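1. build me a model:
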Amino acid sequence: MRMEMKKGIHQCLLINDSYSNDLHSLKVALTFLKQQAVQANNTLILGELDQSGIEPEMLYQKVGNLLREHQITRLIAIGEQFVQHRDSLQGINRLSFYESTSEFIESDEIKDFQKENILVKGARRYRLERIVNKLELMSHGTVLEINLSAVQRNLNYIRSQLGPEIKVMGMVKAFAYGSGTHEMAKLLQSKVNYLAVAYADEGVTLRKNGVHTPIMVMNAEESSFLELLEYNLEPAVYSVAQLKLMYDTLGQANSLKKPLKIHIELDTGMHRLGFVQEDIQKLIDYLNKNKVFKIQSVFSHLASADDLSDDVFTQKQIKEFDELSLQIKEGTHQDFLRHIENTAGTLRFENGRFDMVRLGIGLYGIDPSGIFGKFLSPVFTFKSIISQIKNIPAGEGVSYGRNGVSKSDRRIAVIALGYADGLDRHLSNGKGYLLIKGKKAPITGRICMDMCMVDVTDIACQEGDEVIVFGKENTIEEMAQILDTIPYEILTSVSLRVKRIFVND
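-> From the prediction side, this is the model:
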């Protein structure tokens, strides 16, 4: 079974674990609630537990101890056993008891939730999913499901390929590759040494949601400099001019009371941002003159670590990075971490791991090089439902422009999914397909803003059935190949209006 994490009404975080209930699974669920909490108050809606041979009095004493240990501030207990053992549950700020799920749903209390972390936990027989449906914020049938357990498995696999001394930076920029920034950061923060975001506002959001791990900001704009100091964020710097600007802003605000932590970015062949070889001595001189700057790391980017035909250039980059970063270390007499490798580089080039590696797309189950994918667990399932099925006579077109006229009768399914959700319009007119009942259903006609049509003439399906856009069987890599793009683009294109559901299996 698995837990699902969703956005709830009135700024609540909602965790659904209405599948089973015993002491062990309750403890697991409470730990997950504490890990992912974004609000101050923790609420538990709990159905009766399976006794598993434990005397009821002892069982509910253990339950009470667990709830107090995990700082549950509000308990809504459903079932007759709770009423009989209510004394075991004392010490929780708010307590209420209901004999059945229906009684709670019909009560006024179900409307009384504001800014709480809510865990719904109970055995299937209580049908607590009815409560989840009432408390869920979004009801759009199109969802992106993110398997947090798969992320953990991917991290464990990549770590198994590293030496114990190698640190890990988890990339959660761009809404954590479309998955959800603070949810992913909450999972990773106790498991990695650093997190990285693209812009300061992403880092501020993480800090406000209780993430304490060191955070590198890869694109620190001048307008965000004061936020860097206020929220203990560490900017990447790529020029002496940027350092001077940062000193003028932050040095004065900081009154030189503590070092300004920075990450030095080198350009070793990517030719994006970064110091090049002829800038290094100027950088060293400036840092030696302005001791307020504390180098946390020096890093660079591999341009084509996933391209086996370009390995000579990759090795050239690694060598140049090694030389330039050592020059900075010797010139400034500062000790810092060195990192250049992304997922593909980490898995392919042992000599480029240095002190730390940066893991992004690999955490999310995708190997850009195509070599190690079989060792990684898929994380994302993008899915929707069939809204309507209709029969289309021969000679009739489908969707805007009436494309795809067929010489034979067809059965068409209308799906609650369009390009505003992130389904690329270039998949129209049979170029792409969706998966229904394990079978490929070609996209028919043009993809609309909010829906699309697929041919299900040869698929036994009905309205309300699940439709998979990409997942374990029809992978995001296959879709990227059809579109002549990369999985990164597809993931980050999934609209924010699409409901994210986080599962923990």
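
2. the strands in the stretch 401-505 of the chain, which residues?
-> Taking DSSP state E, counting those that start in this stretch as the test, the strands found in the stretch 401-505 of the chain are 410-415, 433-436, 439-444, 452-455, 466-470, 499-504.

3. what's the distance between residue 487 and residue 312?
-> In this structure, residue 487 and residue 312 are 26 Å apart, going by CB to CB, to the nearest Å. C-beta coordinates here come from the backbone N, C-alpha and C atoms, glycine included.

4. so which of those two has more stuff around it?
-> Summary of the neighbour comparison: residue 487 and residue 312, criterion other CB atoms under 10 Å, with residue 487 having more neighbours (24 against 7).

5. surely that one meets residue 478?
-> No - with contact defined as CB atoms under 8 Å, residue 487 and residue 478 do not form a contacting pair (9.9 Å).

6. bridging residues for the nearest residue to residue 440 once chain neighbours are set aside?
-> Nearest residue to residue 440 in three dimensions, chain neighbours excluded: residue 433, at 4.4 Å (CB to CB, 6 or more residues apart in numbering). Beta-bridge partners for residue 433, by DSSP bridges, are residue 442.

7. and residue 433, how many neighbours?
-> Taking other CB under 10 Å as the neighbour definition, residue 433 ends up with a count of 19.

8. contacting residues for it?
-> For residue 433, the contacting residues are 440-443, 454, 474, taking CB atoms under 8 Å, 6 or more residues apart in numbering as the criterion.

9. same question, residue 406
-> Counted by CB under 8 Å, 6+ apart, residue 406 has contacts 392, 394-396.

10. that one and residue 451, how far apart?
-> If you measure residue 406 against residue 451 using CB to CB, the figure is 20 Å.

11. kindly report the same for residue 13.
-> Using CB to CB, we find residue 13 at a distance of 30 Å from residue 451.

12. and if you look at residue 182?
-> The span separating residue 182 from residue 451 equals 31 Å under the rule CB to CB.

13. what's the answer for residue 338, then?
-> Taking CB to CB as the measure, residue 338 and residue 451 are separated by 50 Å.

14. go on, residue 81?
-> Distance, residue 81 to residue 451, by CB to CB: 47 Å.

15. same question, residue 385
-> If you measure residue 385 against residue 451 using CB to CB, the figure is 11 Å.

16. one more: residue 348?
-> In terms of CB to CB, residue 348 sits 42 Å off from residue 451.

17. can you pull the phi/psi pair for residue 157?
-> Residue 157 adopts backbone torsions of phi -60, psi -50, taken as degrees, to the nearest 10.

18. just checking, what packs against the strand ranked longest in the chain?
-> Longest among the strand segments of the chain by residue count, using DSSP state E, is strand 380-392. Taking 3 or more CB pairs under 8 Å, 6 or more residues apart in numbering; DSSP states H and E as the contact definition, the neighbouring helices and strands of strand 380-392 are strand 143-147, strand 410-415, strand 466-470.

19. adjacent strands (with direction) for the first one?
-> Just to be clear, that refers to strand 143-147. Strand 143-147 has its sheet partners listed here by DSSP bridges as strand 380-392 (antiparallel), strand 499-504 (parallel).

20. ranking those strands by mean pLDDT, which is last?
-> Lowest mean pLDDT within those: strand 499-504, a mean of 87.

21. can you list the residues that contact that strand?
-> Taking contacts as CB under 8 Å, 6+ apart, the residues outside strand 499-504 that touch it are 2-7, 32, 36, 138, 140, 142-149, 179-180, 183.

22. may I see the buried residues of stretch 121-129?
-> Within stretch 121-129, the residues scored as buried using 16 or more other CB atoms under 10 Å are 121-123, 126, 128-129.

23. one step back: save the helices and strands packed on strand 380-392 as TSV, and put in mean neighbour count too.
-> Below are these laid out as TSV (neighbours: other CB atoms under 10 Å):
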stretch	mean neighbour count
strand 143-147	22
strand 410-415	21
strand 466-470	22
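
24. nearest to residue 161, out of those?
-> Residue 161 sits nearest to strand 143-147 of all those, at 21.1 Å, using CB to CB.

25. any idea how far the closest residue to residue 318 other than its chain neighbours is from residue 264?
-> Distances taken as CB to CB, 6+ apart put residue 352 closest to residue 318, at 4.2 Å, once the chain neighbours are dropped. According to CB to CB, residue 352 stands 17 Å off from residue 264.

26. residue 77 too?
-> 55 Å.

27. also residue 230?
-> Distance check for residue 230 against residue 264: by CB to CB, it reads 22 Å.

28. so for these two, which residue has more residues nearby?
-> Shown here are residue 230 and residue 264; by other CB under 10 Å, residue 264 has more neighbours (27 against 12).

29. wait, that one touches residue 297, no?
-> Yes - with contact defined as CB under 8 Å, residue 264 and residue 297 form a contacting pair (7.4 Å).

30. any shared contact partners between those two?
-> Common contact partners of residue 264 and residue 297 (CB under 8 Å, 6+ apart): residue 336.

31. quick one, strands of the stretch 251-400 of the chain?
-> Secondary structure of the stretch 251-400 of the chain by DSSP E, counting those that start in this stretch: the strands cover 260-265, 293-299, 337-339, 356-359, 380-392.

32. these two touch, right, residue 454 and residue 445?
-> No - counting by CB under 8 Å, residue 454 does not reach residue 445; the two are 9.5 Å apart.

33. between these two, who's got more neighbours?
-> Taking residue 454 and residue 445 together and counting by other CB under 10 Å, residue 454 has the greater number of neighbours (27 against 23).

34. which ones are touching the closest residue in space to that one that isn't next to it in sequence?
-> Sequence neighbours aside, residue 441 is the residue nearest to residue 454 in space, at 3.9 Å (criterion: CB to CB, 6+ apart). Remark: with contacts taken as CB under 8 Å, 6+ apart, residue 441 is in contact with 413, 433-435, 454-456, 459, 467.

35. at 7 Å what do you get?
-> By CB atoms under 7 Å, 6 or more residues apart in numbering, the contact set of residue 441 is 413, 433-434, 454-456, 459.

36. now residue 225
-> Contact criterion CB under 7 Å, 6+ apart gives 246, 249-250 as the residues in contact with residue 225.

37. residues near residue 326, how many?
-> The burial count assigned to residue 326 is 12, neighbours taken as other CB under 10 Å.

38. state the distance from it to residue 110.
-> Using CB to CB, residue 326 is found at 63 Å from residue 110.

39. repeat for residue 377
-> The spacing between residue 377 and residue 110, counted by CB to CB, is 36 Å.
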